[in-house]
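1. I would like to see how this sequence folds:
(chains A, B and C)
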Amino acid sequence: MLLALPPLIGALPASDAGTSAADLRRAALDSTGVAFAGYAQAAGGLALPVGEQLTGVADLLSDRTTMRTWYRGVGDWRVDVVSPTGETGVHADASGTWTWDYVANAATRTADTALALPSAPDLLPSALGRRLLSEAGDAELSRFGADRVAGRDALGLRVVPAEESASVGRVDVWVDAASGLPLRVQVFGAAGGEPAVDTSFLELDLTTPPAEVVDFAVPAAAGIREGQAPQLLLAATRGTRDSTLVLPAALAGLDRRTIEGAPARVGVYGRGVTLLTVGALPGRASDGLRTALAGAPGAVVDDLGVRIAAGPLGLMLADGPDGAVLLTGTVTLDALAAAATELTGEAP
Amino acid sequence: MIAVELRKLFRRPRTWVTIGMLNALPVLVAVLLAVTDLAPRPGEGPVFLSAVLTNGTLYPLAALAIVLPLFLPIAVSVVAGEAIAGEAQAGTLRYLLARPAGRTRLLVAKLVSVIAFVLVTVVVVAAVGYVVGQLLFDVQPIGGTTLSGTTITPEQIAWRTVLAIGYITVSMLGVAAFALFFSTLTDSPLAAALGALAVLIASSLLFTLDAASSFAPYLPTRYWLAFVDLFREPVLWRDIVRGIGLQAVYVVVLVSAAWANFTTKDITS
Amino acid sequence: MLLGLVLPTEGEVQLLGEPMPTRARRVLPRVGALIEGPAHYGHLSARANLSLLDAAGPGGSRRTRTARIDTVLEQVGLAGVGRRPVKDFSLGMRQRLGLGAALLRRPELLVLDEPTNGLDPQGIHEIRDLLLELNRAGTTVFLSSHLLAEVEQLCTRVGVLDRGRLVLQDQLATLTAPTGATVVETPDADRVRAALDGRVLRTSVGRAVVRGADPAEVNAALVAAGVPVTGLALERPTLEEVVLAAASTSADRVDAPGERSRR
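-> Numbering: from 1, shown residues only, chains lettered A, B, ... in the order given. Now for the predicted structure:
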């Protein structure tokens, strides 16, 4: 499940030339140059059965996150996650980000990578909206209504994924009529109901924020850390050295895609908001995860392995001939099972 | 009339005993921290407390954060609950009204004296916190770090602390208004104070409940912690403005209700 | 209701010629009151209590406050304990302080409820003298009490309340005026009836009431008839008799919805 998120949110190309798109979608995608300062809240309804090392991601997707943001342009912005007793600020510059954690009194430098776990800035309506719209085909797009969001006129834009294996029912994006900035994003599972993710600006000011607000200088008394991906992610991206896992060109009807800079041992399949990642997981890492997943409510355990869905997110630990294979993504459990069968060659 | 009420309040030993007890907890916490050098785990305990070990300048704020959730509202409830009900219970209310101290004047004077009590209490807690912070902890001459990771000078800390004192005082006015209103309903100061505390406990409980999220923004305790926002950079005014507005609404509504009740009430005790 | 503490549901109240409670701010400074016993701030001294009460309303000049406090403490006999906290006071001392508070602005009207409650006989005497002296100086004293003796000794005009209604109001002198009969004390009441045939109104053991407002004439008639007379007096109704005649039942007795009878 964890590994589904990076490609879903973090690894999509920022723009996809060559696809024709509705005017609104184009306006939204072209809004990366619109500077603003805002106050946003994101609420996640996804309960992730994860270990302790990834509570940050789990909280992000299951809790209410309050953010302040100042955006001057691509690679020049700041997003603060505001909590009653502290603050975590992410300051982006051309080569990476500084993450300031008040409670830990530490600043962390992270270089830009192709694969990263989702963090609060990815949940900003502007960032999430552009990403989710970036690969939507015209046939998947429709307009619906209009609303006031953060005191501004917003036009509704709906994405209904075309793939049969998609677990996302629809994505609703409210786009600022004047600037094209996505102001609110709601992601619904196939069953509808409450949104799995709901993020919205509550206040928005379209004047360019001053550079000194966005820039970051490490405080004298603070500790400095080097950014490090969580161990589970490291393990998965390295894979097992002697894994014989062969990643086919298509899985469960989804084509493989190439992402520049991403480890070759991780396969990313699908497009738009329907994505599936596949990677071998070393025994140590998989054992703990298997226990956690099998114990979670609603888990399906059979000869293929164990699989579980949390809202539109699906996660599967398949038992391959050479060890465990982790499949995650915004696909249905049936699609996960089909992919696992194709990979391991076993009949379901 | 206001001067009379202020004299009554501040010549009363109980007032100073209350303020003294209110300061006991932050001082105890400071001594324990200084002796054991064990900061609370990051993210746990009152805000600013983990930062105090490295910078004593922040102790006034930590002290306020310690008393804010419970001690301060209790003290305010007791004093405000005493306002009318206390006079009624002692029998002095009938003499005041026959004097005649007009009922509206008396209520206004009581409100002002309660506000004065809150202000004095908060200032004393901050002042004691300052002294304790200077004595027991390291003080950084260059100032401190905001929640946002920027550096601020001691002067900036000082004036933002003053603003925080003002904001916390305002935050307590809703409690005071509840207790004052209940105080006009009953002749028992204890009942009035407990009534106000019951409202607060209910409010704190509902605030944590997702099912109550539709009216969470209107709970009296909703924006209490917003004084922390003064120490972000830039200052996040949103919740502070809302908190002041919310308290103003509570004060206006409850004091009006108290006035309507008190000016038409038969004083029989 | 008179002092604006209880608001009337109907009718109107006039105090010193002004409507209450609308003109309370103008009238009440001219009134001193002791209502249902004294009440003070126990942690404060007698002086501080008086000072605070005086400052709490209009009509108490700050300039003369200290002097006025000195005077009333002297008047009520608390000059020696003015600086002691009231919580150390006895019931009688509190009563005196309450009276002092009522006197603080030299009121035209004093409204007193059981003013001698808790006082010893000497204290009662002192207070009575003080009130009589104030009355001579022009202060109207409005007193409510259950102690008829106190009322008889103090009041010039009395009213009787029965279950919340004023059933009688008149000069004390009128109410207790001679009835036109003479009370004869004699060991042999039956012989009085024989001697003054037709004039005897009623007899009891050792006592006969005879029509005729001239005791000397009654005496002469009885002596002439050889009836022994040990005492002679004009008949006057006692206040108790007046009250008993006017008010039907005791206020404490609750048969139906009860009210209080006071005077």
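2. where along the chain do the helices fall?
-> In the absence of a named chain, chain A is used. Ranges of helices in chain A, per DSSP state H, are A:5, A:23-29, A:55-62, A:125-134, A:211-214, A:231-238, A:283-295, A:333-344.
3. Sorry, I should have been clearer: chain C.
-> Assigned by DSSP H, chain C shows helices spanning C:24-27, C:46-55, C:65-75, C:91-103, C:121-136, C:148-154, C:172-175, C:189-195, C:215-224, C:239-246.
4. Distance to chain B, mean pLDDT and mean neighbour count added to those, as JSON lines?
-> All C-beta spots, glycine's among them, are computed from the backbone N, C-alpha and C. As requested, the helices of chain C are exported to JSON lines (distance: least, CB to the nearest CB, whole Å; pLDDT from 0 to 100; neighbours: other CB atoms under 10 Å in any protein chain shown):
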{"stretch": "helix C:24-27", "distance to chain B": "5", "mean pLDDT": "82", "mean neighbour count": "19"}
{"stretch": "helix C:46-55", "distance to chain B": "5", "mean pLDDT": "91", "mean neighbour count": "22"}
{"stretch": "helix C:65-75", "distance to chain B": "12", "mean pLDDT": "91", "mean neighbour count": "17"}
{"stretch": "helix C:91-103", "distance to chain B": "7", "mean pLDDT": "89", "mean neighbour count": "23"}
{"stretch": "helix C:121-136", "distance to chain B": "18", "mean pLDDT": "87", "mean neighbour count": "15"}
{"stretch": "helix C:148-154", "distance to chain B": "22", "mean pLDDT": "81", "mean neighbour count": "16"}
{"stretch": "helix C:172-175", "distance to chain B": "27", "mean pLDDT": "81", "mean neighbour count": "14"}
{"stretch": "helix C:189-195", "distance to chain B": "52", "mean pLDDT": "77", "mean neighbour count": "17"}
{"stretch": "helix C:215-224", "distance to chain B": "49", "mean pLDDT": "81", "mean neighbour count": "15"}
{"stretch": "helix C:239-246", "distance to chain B": "25", "mean pLDDT": "80", "mean neighbour count": "16"}
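5. Would you reformat the ones you listed as JSON lines and include distance to chain A?
-> Converted to JSON lines, those look like this (distance: least, CB to the nearest CB, whole Å):
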{"stretch": "helix C:24-27", "distance to chain A": "49"}
{"stretch": "helix C:46-55", "distance to chain A": "43"}
{"stretch": "helix C:65-75", "distance to chain A": "52"}
{"stretch": "helix C:91-103", "distance to chain A": "52"}
{"stretch": "helix C:121-136", "distance to chain A": "64"}
{"stretch": "helix C:148-154", "distance to chain A": "68"}
{"stretch": "helix C:172-175", "distance to chain A": "75"}
{"stretch": "helix C:189-195", "distance to chain A": "97"}
{"stretch": "helix C:215-224", "distance to chain A": "96"}
{"stretch": "helix C:239-246", "distance to chain A": "72"}
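6. Buried deepest among the helices of chain A, which one?
-> helix A:5 (a mean of 27; mean count of other CB atoms under 10 Å in any protein chain shown).
7. ends of stretch B:5-17, how far apart?
-> Counting by CA to CA, to the nearest Å, you get 18 Å between the two ends of stretch B:5-17.
8. Quick one: residues in contact with it.
-> With contact meaning CB atoms under 8 Å, 6 or more residues apart in numbering or on different chains, stretch B:5-17 is reached by B:79, B:109-110, B:112-113, B:116-117, B:120, C:41, C:43-44, C:48, C:52.
9. likewise stretch B:90-99?
-> B:84, B:87, B:103, B:106, B:267, B:269, C:3-5, C:28-29, C:31, C:33, C:35-42, C:53, C:56-57, C:101.
10. Filter the residues you listed down to the buried ones, ChimeraX style.
-> Applying 16 or more other CB atoms under 10 Å in any protein chain shown to the contacts of stretch B:90-99 leaves a buried subset, and the ChimeraX line that selects it is:
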select /B:84,87,103,106,267 /C:3,4,5,28,29,31,33,35,38,39,40,41,53,56,57,101
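11. in chain B, which spans are helices?
-> B:2-10, B:13-36, B:49-52, B:59-67, B:71-90, B:92-98, B:103-136, B:154-185, B:189-207, B:237-263.
12. Could I get the buried residue list for the lengthiest strand in chain A?
-> Determined from DSSP state E, the single longest strand within chain A is strand A:192-205. Buried positions in strand A:192-205, judged by neighbour count with 16+ other CB under 10 Å: A:P195, A:A196, A:V197, A:D198, A:T199, A:S200, A:F201, A:L202, A:L204.
13. Ok, stretch A:89-102 next?
-> Neighbour-count burial for stretch A:89-102 [16+ other CB under 10 Å]: A:G89, A:V90, A:H91, A:A92, A:T97, A:W98, A:T99, A:W100, A:D101, A:Y102.
14. Quick check: mean pLDDT of that stretch?
-> Averaging pLDDT along stretch A:89-102 yields 89.
15. what's around residue 68, how many residues?
-> By default, I'm working from chain A. 23 (other CB atoms under 10 Å in any protein chain shown).
16. oops, I was thinking of chain B
-> 21.
17. repeat for A:L326
-> For A:L326, using other CB under 10 Å, the count is 25.
18. and what of C:H146?
-> C:H146 - counted by other CB under 10 Å - has 13 other residues nearby.
19. re earlier: of all the helices of chain C, which one comes closest to A:D322?
-> helix C:46-55 (90.7 Å; CB to CB).
20. Tell me how far the residue in chain B that chain C sits nearest to lies from chain A.
-> As assessed by CB to the nearest CB, chain C sits closest to B:G91 within chain B, at 3.0 Å. In this view, B:G91 and chain A are 45 Å apart by CB to the nearest CB, to the nearest Å.
21. about what we covered before: which of the helices of chain C sits closest to B:L49?
-> helix C:46-55 (42.0 Å).
22. tilt between the closest one and helix B:2-10?
-> Computed by axes from the mean of the first three to the mean of the last three CA atoms, to 10 degrees, the angle separating helix C:46-55 from helix B:2-10 equals 150 degrees.
23. Give me the packing partners of helix C:46-55, helices and strands only.
-> helix B:2-10, helix C:65-75, helix C:91-103 (3 or more CB pairs under 8 Å, 6 or more residues apart in numbering or on different chains; DSSP states H and E).
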